[in-house]
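Peer 1: no sequence for this one, just the structure:
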């Protein structure tokens, strides 16, 4: 945008129908608070200032959003949308266009907002409107005989003739700041709600022969707001559908586009396949040829080319090497890096560990705070005992080592290159390279022992 721009986001409402102590605009959509979606759309326009008018919940809202570059203005008491914008006026550039958005309308698109802002100038304000088959609850757009926008009437104040109008106000508008200031000063609360309606400035503009230029969104879902849990759930599905459609257009294979949830950013290479009921949180990157099995959860994960994540696996804060195979039922925790061609199998948990090229941990094992070399095989039921009750300790397993089933490696400990650990061993001292180490209790049989029986 070349013209200076103010953005005001109205976010003071309580959201009574949400039945929640959490301010309405902090309820999550696709893993992010509603208002963060609105802020992200505003950021794309590169405004001089983004001013958020808040109220219900006190300082919870600025604390959760946590952005120092936003201007926060408290509205107390809350006397309507016009009153809310009045609170922001002192913080706005009087020479700029002011774009007014709503913190509970999360899917508004930057392209729509840019078109709206370009219409606004000294002799014109721009208003985002839409026609609805059922306009109940919305303010109606009243036009004059020439078809120009004359005023907006709120639903509760409308006559039967006005209620029959299908074109409605979305609340989103772009107004020259100088005129906005003068119009807000003249607002009255003589209406059914006893509030200062921002929409009353439309009639003032028409009376002063300032043109009111309507603009329309690309899709109805852009201007849908959230006032209840049901509306939030409906908008979630709409948003997820849009995200799935975008992936399909990029060439990603979704086994069922209706059964995917993206709660952050998902970047996919070529020929990626995603099975049903997968959840992606934070920032997830899937390189070329990656396959994600059904019912997986990936959070802040990078998966290199050709890797496969088998069903019911949970990956968080990890890097998966090219050609690796993880799962089914694996849990990969933060700080884990798997090199190329590694195999991590069913009911294996790995935390804060590096696993080298072509190493295998296939069954029922726990590896934590460890460095595992290349070509290592770790048998079923093996664990690294990394925690002594107060501190974490490290385990080093060097290249080509073989760890038998049911072993406990008591950290800190080192297993030398090409060492073999016999099944059932508890290793608390370093095992030398290239040798077999066995540490088992001696088997003892008790002659004549009888199993206890239950007393009657």
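Peer 2: Alright, I've got the coordinates. If you're wondering where the values come from, they're calculated on a predicted model, not measured in any experiment. Numbering: from 1, shown residues only.

Peer 1: beta partners of residue 11?
Peer 2: residue 54 (DSSP bridges).

Peer 1: List the residues that contact it.
Peer 2: 23, 25, 35, 52, 53, 54, 61, 102, 103, 104 (CB atoms under 8 Å, 6 or more residues apart in numbering). Any C-beta I mention is one placed from the backbone N, CA and C, and that applies to glycine too.

Peer 1: try it again with 6 Å
Peer 2: Contacts here follow CB atoms under 6 Å, 6 or more residues apart in numbering; on that basis residue 11 touches 25, 35, 52, 54, 103.

Peer 1: Closest to residue 199 out of these?
Peer 2: Set against residue 199, the nearest of these by CB to CB is residue 103 (17.7 Å).

Peer 1: Skip the chain neighbours and tell me the closest residue to that closest one.
Peer 2: residue 11 (3.2 Å; CB to CB, 6 or more residues apart in numbering).

Peer 1: next one: phi and psi at residue 52?
Peer 2: phi -110, psi 120 (degrees, to the nearest 10).

Peer 1: I'd guessed it sits against residue 7; true?
Peer 2: No. Between residue 52 and residue 7 there is no contact under CB atoms under 6 Å: 9.1 Å.

Peer 1: more crowded one of these two?
Peer 2: Higher neighbour count among residue 52 and residue 7: residue 7, with 29 against 26, using other CB atoms under 10 Å.

Peer 1: For residue 145, see how far away the more buried one is.
Peer 2: Here the criterion is CB to CB, to the nearest Å. By it, residue 7 lies 35 Å from residue 145.

Peer 1: same thing with residue 51?
Peer 2: 38 Å.

Peer 1: With residue 401 instead?
Peer 2: Distance, residue 401 to residue 145, using CB to CB: 88 Å.

Peer 1: quick one: which of those two has more around it?
Peer 2: Shown here are residue 401 and residue 145; by other CB under 10 Å, residue 401 has more neighbours (26 against 6).

Peer 1: doesn't residue 421 make contact with the more buried one?
Peer 2: No. Contact criterion CB under 6 Å: residue 401 and residue 421 do not qualify, at 7.5 Å.

Peer 1: Look at residue 448 and say how many residues are nearby.
Peer 2: Count around residue 448 with other CB under 10 Å applied: 4.

Peer 1: looking at this, it is in a strand?
Peer 2: No. Looking at residue 448 with DSSP: H, G, I helix; E, B strand; the rest coil, it is coil, so not inside a strand.

Peer 1: Phi and psi next, for it.
Peer 2: Note on residue 448: backbone dihedrals following degrees, to the nearest 10 are phi 80, psi 0.

Peer 1: quick one: pLDDT of it?
Peer 2: Residue 448 is assigned a predicted lDDT (pLDDT) of 93.

Peer 1: Quick check: it vs residue 441, distance?
Peer 2: For residue 448, the distance to residue 441 - CB to CB - is 21 Å.

Peer 1: again, but for residue 190
Peer 2: Residue 190 is 89 Å from residue 441, by CB to CB.

Peer 1: cool, residue 309 as well?
Peer 2: Separation of residue 309 from residue 441 (CB to CB) stands at 39 Å.

Peer 1: higher neighbour count, the two?
Peer 2: residue 309 (30 against 7).

Peer 1: what's the neighbour count on residue 177?
Peer 2: Residue 177 has 19 neighbours, counted by other CB under 10 Å.

Peer 1: and if you look at the one 5 residues further on?
Peer 2: Other residues near residue 182 number 12, with proximity taken as other CB under 10 Å.

Peer 1: Roughly how far does it sit from residue 73?
Peer 2: Applying CB to CB to residue 182 and residue 73 gives a distance of 20 Å.

Peer 1: same check, this time on residue 46
Peer 2: The value you get for residue 46 to residue 73, if CB to CB is used, is 21 Å.

Peer 1: Tell me which of the two has more neighbours.
Peer 2: residue 73 (20 against 9).

Peer 1: Quickly list the domain ranges of this protein.
Peer 2: The record's domain parsing of the chain by automatic domain parsing lists 5-223, 251-351, 362-456.

Peer 1: Format the ones you listed as TSV; extra columns: distance to residue 231.
Peer 2: Formatted as TSV, the domains of the chain follow (distance: least, CB to CB, whole Å):
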stretch	distance to residue 231
domain 5-223	9
domain 251-351	18
domain 362-456	43
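
Peer 1: Out of the ones you listed, which is the most enclosed?
Peer 2: domain 251-351 (a mean of 20; mean count of other CB atoms under 10 Å).

Peer 1: List the buried residues in the longest helix seen in the chain.
Peer 2: Ordering each helix of the chain by length in residues (DSSP state H) puts helix 229-250 first. Neighbour-count burial for helix 229-250, counted by 16 or more other CB atoms under 10 Å, picks out 232, 235, 236, 238, 239, 240, 243, 244, 247.

Peer 1: average pLDDT across it?
Peer 2: 97.

Peer 1: list the helices and strands it packs on?
Peer 2: Applying 3 or more CB pairs under 6 Å, 6 or more residues apart in numbering; DSSP states H and E, we find helix 229-250 packed against strand 260-268.

Peer 1: what lines up beside whichever strand or helix holds residue 73 in the sheet?
Peer 2: Element membership for residue 73, per DSSP states H and E: strand 71-74. Paired strands of strand 71-74, with direction, are strand 49-54 (parallel) (DSSP bridges).

Peer 1: mean confidence for the partner strand?
Peer 2: Per-residue scores along strand 49-54 average to 97.

Peer 1: Same question for stretch 203-218.
Peer 2: 93.

Peer 1: and what of stretch 306-322?
Peer 2: On average, stretch 306-322 scores 98.

Peer 1: ok, residue 261 to residue 396 distance?
Peer 2: Distance from residue 261 to residue 396, by CB to CB: 39 Å.

Peer 1: How about residue 82, nearest residue that isn't a chain neighbour?
Peer 2: Nearest one to residue 82, counting by CB to CB, 6+ apart, is residue 196 at 3.6 Å.

Peer 1: likewise residue 385?
Peer 2: residue 410 (4.7 Å).

Peer 1: How much space separates that neighbour from residue 266?
Peer 2: Taken as CB to CB, the span from residue 410 to residue 266 is 40 Å.

Peer 1: Contact partners for residue 99?
Peer 2: Neighbour list for residue 99: 7, 117, 174 [criterion: CB under 6 Å, 6+ apart].
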